[in-house]
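>>> Generate coordinates for the sequence data below:
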Amino acid sequence: MKQKSFIKHLRKHNCVLDVEGAMHSKFINIENGKVATVPRHKEINDFLVIKICKELDIPNP
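This is a model prediction of the structure:
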């Protein structure tokens, strides 16, 4: 999945950027306070997308 479309999905489900690192970005779900890191690659593996969504407690895209 493209990183830009995944970030749009995160923002749609009330997740905001907390910290921007060199290799990863840290997102927080505002509703429940759960945190996950998202790699800063152009393409993100589908298994990793599902794992991040599970960590943030949001539905899969």
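
>>> okay, CA-based contacts and neighbour counts for the rest of this
Will do.

>>> Okay, the residue lying farthest from the centre of the chain and residue 11: tell me how far apart.
Here the centre of the chain is the reference, and by C-alpha atoms, centre = their mean the most remote residue is residue 22, at 15.6 Å. In this view, residue 22 and residue 11 are 21 Å apart by C-alpha to C-alpha, to the nearest Å.

>>> For the nearest residue to residue 15 once chain neighbours are set aside, give me its contacts.
Nearest non-adjacent residue to residue 15, counting by C-alpha to C-alpha, 6 or more residues apart in numbering: residue 29, 4.2 Å away. Contacts for residue 29 were tallied using C-alpha atoms under 8 Å, 6 or more residues apart in numbering; they are 13-16, 35, 56.

>>> 10 Å instead?
10-11, 13-18, 35-36, 55-58 (C-alpha atoms under 10 Å, 6 or more residues apart in numbering).

>>> The residue farthest from the centre of the chain: what's it in contact with?
Residues counted as contacts of residue 22 (C-alpha under 10 Å, 6+ apart) are 39-40.

>>> Pretty sure residue 50 sits in a helix.
Yes. Counting by DSSP: H, G, I helix; E, B strand; the rest coil, residue 50 falls inside a helix.

>>> Name the nearest residue to it, sequence neighbours excluded.
Nearest residue to residue 50, sequence neighbours excluded (C-alpha to C-alpha, 6+ apart): residue 60, at 6.0 Å.

>>> before we move on, back to that, please indicate which of the contacts of residue 29 are buried?
Among those, those classed as buried by 16 or more other C-alpha atoms under 10 Å are 10, 13, 15-17, 35-36, 56-58.
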